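Novice: The following comprises the amino acid sequence and a computationally predicted model.
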Amino acid sequence: MTEYGRIVGETSGQGRGGAAGGGTTDIGASAADFVFNAVDRVAALPPEGLVLLAVIVLASLVVLKRAF
């Protein structure tokens, strides 16, 4: 229900801890946002950054293979 353009029951987040806006935390949405933001960040890297990232991932896989 809305009143004066605001949702009734929505708090301003002042004077209390937790998530601002009075809403509940949706773990699934948060995880999906994390994945999509990571994909966007990698897609925005310059070519040199992508090469460096690939080298780091491959080196990490080699280290893990030797460790286990």
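Specialist: Cool, got the structure.

Novice: what is the rounded mean pLDDT of stretch 48-57?
Specialist: The average pLDDT within stretch 48-57 is 96.

Novice: Using PDB, write down the CA coordinates of that stretch.
Specialist: Output in PDB follows, covering the C-alpha atoms of stretch 48-57 (Å, rounded to 0.1, in the frame of the first residue of the first chain):
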ATOM      1  CA  GLU A  48      46.300  -7.100 -21.000                       C
ATOM      2  CA  GLY A  49      44.200  -7.600 -17.900                       C
ATOM      3  CA  LEU A  50      42.400 -10.600 -19.500                       C
ATOM      4  CA  VAL A  51      45.800 -12.200 -20.400                       C
ATOM      5  CA  LEU A  52      47.100 -11.600 -16.800                       C
ATOM      6  CA  LEU A  53      43.900 -13.100 -15.400                       C
ATOM      7  CA  ALA A  54      44.200 -16.200 -17.600                       C
ATOM      8  CA  VAL A  55      47.800 -16.700 -16.500                       C
ATOM      9  CA  ILE A  56      46.800 -16.400 -12.900                       C
ATOM     10  CA  VAL A  57      44.000 -18.900 -13.300                       C
END
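
Novice: Need the contact partners of it.
Specialist: Here stretch 48-57 makes contact (Cβ atoms under 8 Å, 6 or more residues apart in numbering) with 42, 45. The C-beta positions use only the backbone N, C-alpha and C, and glycine is treated the same way.

Novice: okay, and the helix or strand of the protein with the least pLDDT?
Specialist: strand 2-3 (a mean of 56; mean pLDDT, DSSP states H and E).

Novice: Kindly tell me how buried residue 34 is, as a neighbour count.
Specialist: Counted with other Cβ atoms under 10 Å, the neighbours of residue 34 add up to 10.

Novice: Perfect, I'm done here.
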